[in-house]
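> just the structure for this:
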Amino acid sequence: MSKRQGEMSCEAGSRNLRHHLQKQISLRTERRLCGRTHEEALLVNSYYASLTTNANSPATKIIISGESGMGKSVLAETLRQSVSEDDGFFIRGKFDQSLEYGSAYSVIASAFDEFIYILEKRGDASWNEVANPLRHEIHKTDHRQILFEAIPSLRRIFEGRRGGATVCIGGSSSEDLSNSNRSLNETTAEVRSSHTKLHYLMKKFIRIVSSVGDPIVMLLDDMQWANASSLDLLKTLMLSARNPFIFMFTMRPVQKDHPFYQLIYAHEETPACLTEIELRGLSEDAICELTSMQLGIPESKSSRCRPLSDFLCRVTNGNPLYIRQQIISLFDDGMLCFDGNEWTWNIAAIERAGMLSGDIASMVSDKIKRLPPHSQHVLKVDFNILGILVRKTSEHYKSDGNDNDNETIARREIATSVQEGLVVEKDNGVAFVHDAVQGAAYSLLPADEIPSFHLSLGRILQKNLNSALLQRYLFTVANQLARGRNLIPEAERINAIHIFLRAGDEESKMAAFVEATFFYEKGLSMLLDQDWRNHYRLSCEIHMRTAEIAVLNGAYDDVDRLLDVLFLNTKGSVDDQLRATYIKVKKFASLEKAGEGVDCSIQALDSLAGVKIPTRNVTMHSLIALAKTRRLLKGIDVTSILKRPPIVEKHMKTTLRLLNLLATLSVNGRTEMLPLIVFMIVQLNMKYGLSTAMPTGGIFIVIVFFALYR
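Sure thing, here's the model as predicted:
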């Protein structure tokens, strides 16, 4: 054997040994939790206490907090076996810092995806025990659709499709904005109602699910990253669920004024059903036990590990993840060796070398920096995106050889990270061994390169996804473009605004106000003055929808600013002027200024739509309108009215929406005008067709008035 062959053989042997060490540490760490006996007991006791508590009592909450790497998720997972043995459901979701905004309820939805999956595996009896009462209680098609928008997998329960793939609910991918007015005219305008309905329906859903009797443990990881809409929905779930439903949360230390803690402590009954577990660094004895276990040293010989474990205790402050990474680093530095029978080390040499990296973040960063450049680049890519585009990953960099197989290149670089213990292979792909690794990898990006990095990811996704997949991963694409929006060239600017508009619309459907505003405002920030000439419909729609959401958010200064722009630039369109007026009147309604809202509506209807509503001698005009309405309805029953064809004229749809809002405001502002307004609504519906924007209840109001005046 040549000298070079011998060196290569030694390198291969060292790599294999390193891989064996990593695998050994991972498996033994997963199978046994060291130094957490007290915390495990608290967790298990809280779980079993919930099973013996009155079924009508509030759901149990468990919070596991601690610094990164302390083993919060590992501790939480120890409960899975107990839940399984009790024929319960252990479901899990994880919040992620990598995407600032995305599908508003995706984490909660992923947990319920797991619930549906487990339920499907249990057979018809268990399935029907949940499905039948849900179908009975939530039977309206529009109510079910609201649920599907938030949690797509629920479609399988209501439509009786077991074992099917999760359906991704999304809006039309059409870019024809002239046909998208329905979002504002018929859907987004009712988003507050949709928000209320979603929470009402989720109350029904969670009460039925938690009344089945089997324990359900919902683990939500990394609550410090939870978005506002998820916390809002979580509040509804926690208030509505009953034992044996258990909410278990993990999070890093945050201030007590954090939105999550405000949610937890907002209710008087919370302390009685809340268990808080704080994880601190492991004790010296626990570190000795952990080190012995990871190196495969029998318990009878564990004292041999004491000098090494004492060193690790000083270096890591008892952080389990840090201990794991330090053991690998000792091997890399030649201070931990395998003699064929057992692991050995020279503690004097280790002590002379002194402390390794000062904390977990810097240690992981140093390790990543030692990787080849291509491998470093792959680690900076969010693995959610990598999972979408494995075959295109290598487009982030150029191959330095003749190997043009992108998948081979990507897998090779990922394999390097696996060997370094930074990434683990799973059945459905790869994942960072811990969030700390992901954060450390991302932190290596120079600040001035971050926008271009995300823009390149967004471009690659757009280039390689067909329209269906682009809709499915819309939030991923929109987030990448948002982070690099200042670098988007003119040729791509309008397309990016379309992406932000679509993402905002999807969030609006789920009544996720904060998230919708984020995407709409990103699109607004990219508009230019000349776009009102060259891209009128796009400019108009994104201003309209942002203004509508601003009303719902209570951002009234933003509403005024946006409406000023709309009224100035939509003078050539009666319909758009009426739509802007509708938003203005909605603002008055939100501010409880019914009188101003009525005056604004009457003036706009007269000047823009030619609909004159008398403000004097109202009683006389009401009687005249009653007589006219009588003649129109003579010989016509309610069924015939409701079967009338829909209105075709666009401006008349908007006119009737404004009239309907005016009728609502008049109840508090000008009560004497209500009959007159209602009669006018009916007359226009009889003349032009039935308005889908007007509630059918308006027809029955007319019938009541007709009966009173008859």
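
> what are the ranges of the strands in the stretch 251-400 of the chain?
Along the stretch 251-400 of the chain, counting by DSSP state E, counting those that start in this stretch, strands occupy 274-279, 336-338, 343-345.

> actually the chain, not the one I wrote
60-66, 89-94, 216-221, 245-251, 274-279, 336-338, 343-345, 423-426, 429-432 (DSSP state E).

> below-threshold pLDDT in the stretch 351-500 of the chain: ranges please.
Along the stretch 351-500 of the chain, segments meeting pLDDT under 70 span 354-371, 373-421, 423-434, 436, 438.

> switch the cut-off to 90
For the stretch 351-500 of the chain, the stretches flagged by pLDDT under 90 are 351-450, 452-454, 456-476, 479-480.

> need the strands of the stretch 251-400 of the chain in CSV (columns: distance to I327 and mean pLDDT).
Where you see a C-beta, it was placed from the backbone N, CA and C, and this is true even at glycine. CSV is the format used below for those (distance: least, C-beta to C-beta, whole Å; pLDDT from 0 to 100):
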stretch, distance to I327, mean pLDDT
strand 274-279, 20, 93
strand 336-338, 7, 87
strand 343-345, 9, 89
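
> can I get the ones you listed in JSON lines including distance to L231 and mean neighbour count?
Formatted as JSON lines, the strands of the stretch 251-400 of the chain follow (distance: least, C-beta to C-beta, whole Å; neighbours: other C-beta atoms under 10 Å):
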{"stretch": "strand 274-279", "distance to L231": "16", "mean neighbour count": "17"}
{"stretch": "strand 336-338", "distance to L231": "45", "mean neighbour count": "17"}
{"stretch": "strand 343-345", "distance to L231": "46", "mean neighbour count": "17"}
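
> quick revisit: in a markdown table: the strands of the chain, plus distance to D575.
Listed next are the strands of the chain as a markdown table, based on distance: least, C-beta to C-beta, whole Å:
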| stretch | distance to D575 |
| --- | --- |
| strand 60-66 | 50 |
| strand 89-94 | 42 |
| strand 216-221 | 44 |
| strand 245-251 | 47 |
| strand 274-279 | 53 |
| strand 336-338 | 74 |
| strand 343-345 | 77 |
| strand 423-426 | 53 |
| strand 429-432 | 48 |
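
> between the ones you listed, which gets nearest to N54?
Between N54 and these, the shortest gap by C-beta to C-beta is with strand 60-66, which sits at 11.9 Å.

> before we move on, the earlier item: ok, which of the strands of the stretch 251-400 of the chain comes nearest L481?
Of all those, strand 274-279 comes closest under C-beta to C-beta, at 38.0 Å.

> run me through the strand neighbours of the closest one, direction for each.
strand 60-66 (parallel) (DSSP bridges).

> so what's the residue count around the closest residue to R207 other than its chain neighbours?
For R207, ignoring the flanking residues on the chain, the nearest one in space by C-beta to C-beta, 6 or more residues apart in numbering is S240 at 5.6 Å. Here the number of neighbours of S240 (other C-beta atoms under 10 Å) works out to 20.

> let me see the contact set for S240.
Applying C-beta atoms under 8 Å, 6 or more residues apart in numbering, we find S240 in contact with M202, K203, I206, R207.

> try it again at 10 Å.
P58, A59, H199, Y200, M202, K203, K204, F205, I206, R207, V209, S210 (C-beta atoms under 10 Å, 6 or more residues apart in numbering).

> and the second one, what pLDDT?
The one in question is A59. Predicted confidence (pLDDT) for A59: 88.

> ok, it touching L234?
No. A59 is not in contact with L234 according to C-beta atoms under 10 Å; the separation is 11.2 Å.

> now for these two: what residues contact both?
With C-beta under 10 Å, 6+ apart, A59 and L234 have common neighbours M218, F247.

> please work out how many residues are found near L474.
24.

> typo on my end, it should be S607
12.

> can I get the strands of the stretch 251-400 of the chain in CSV with distance to L528?
What follows is the strands of the stretch 251-400 of the chain, written out as CSV (distance: least, C-beta to C-beta, whole Å):
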stretch, distance to L528
strand 274-279, 52
strand 336-338, 61
strand 343-345, 65
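
> quick one: pLDDT of I583?
I583 carries a pLDDT value of 95.

> repeat for A707
pLDDT at A707 comes out at 56.

> cool, K203 as well?
Note on K203: pLDDT of 92.

> please name the spatially closest residue to it (chain neighbours excluded).
S240 (4.2 Å).

> now swap in L676 and tell me
S622 (4.4 Å).

> and the one you found, what does it touch?
Contacts of S622 (C-beta under 10 Å, 6+ apart): P614, E672, M673, L674, P675, L676, I677, V678, F679, M680, F705, Y709.

> how about the closest residue to the fourth one other than its chain neighbours, what does it touch?
Sequence neighbours aside, S666 is the residue nearest to L674 in space, at 4.8 Å (criterion: C-beta to C-beta, 6+ apart). Residues in contact with S666 (C-beta under 10 Å, 6+ apart) are 594-595, 597-598, 601-602, 613, 672-678.

> ok, those residues vs K586, which is closest?
G597 (8.2 Å).

> need the pLDDT of that closest one.
For G597, the predicted pLDDT is 93.

> what number of residues lie near the closest residue to it other than its chain neighbours?
Excluding the flanking residues, the one nearest G597 by C-beta to C-beta, 6+ apart is F588, at 3.4 Å. Counted with other C-beta under 10 Å, residues neighbouring F588 total 21.

> so how far is D560 from F588?
Per C-beta to C-beta, to the nearest Å, F588 is found 12 Å from D560.

> for stretch 509-526, C-alpha coordinates in CSV please.
Output in CSV follows, covering the C-alpha atoms of stretch 509-526 (Å, rounded to 0.1, in the frame of the first residue of the first chain):
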residue,chain,number,x,y,z
LYS,A,509,-59.3,35.0,3.9
MET,A,510,-58.1,33.6,7.3
ALA,A,511,-58.8,36.9,9.0
ALA,A,512,-55.1,37.2,9.9
PHE,A,513,-55.0,41.0,10.0
VAL,A,514,-51.4,41.6,11.0
GLU,A,515,-50.0,39.2,8.5
ALA,A,516,-52.2,40.5,5.7
THR,A,517,-51.0,44.1,6.4
PHE,A,518,-47.4,43.0,6.3
PHE,A,519,-47.7,41.7,2.7
TYR,A,520,-49.9,44.5,1.5
GLU,A,521,-47.6,47.1,2.8
LYS,A,522,-44.6,45.4,1.1
GLY,A,523,-46.4,45.7,-2.2
LEU,A,524,-47.4,49.3,-1.5
SER,A,525,-43.8,50.3,-0.8
MET,A,526,-42.8,49.2,-4.3
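
> list the buried residues in that stretch.
Residues of stretch 509-526 classed as buried: 509-513, 515-524, 526 (neighbour count, 16 or more other C-beta atoms under 10 Å).

> return the subset of these lying in helices.
Using DSSP state H, the members of those that fall in helices are K509, F513, E515, A516, T517, F518, F519, Y520, E521, K522, G523, L524.

> and which of those residues is nearest to V217?
For those, the nearest to V217 is E515 (27.3 Å; C-beta to C-beta).

> the closest one contacts F475, correct?
Yes. Counting by C-beta under 10 Å, F475 is a contact partner of E515 at 8.6 Å.

> rewinding a little: which ones among the contacts of S666 lie within helices?
A594, G595, G597, V598, S601, I602, L674, P675, L676, I677, V678.

> which of those residues count as buried?
The buried subset of these - by 16+ other C-beta under 10 Å - is A594, G597, V598, S601, I602, L674, P675, L676, I677, V678.

> what sits against the second one?
Which is G597. 584-591, 661-662, 664-666, 668-669.

> ok, it to S607 distance?
In terms of C-beta to C-beta, G597 sits 16 Å off from S607.

> then the last one?
Summarising the geometry, the distance separating V678 from S607, computed by C-beta to C-beta, is 22 Å.
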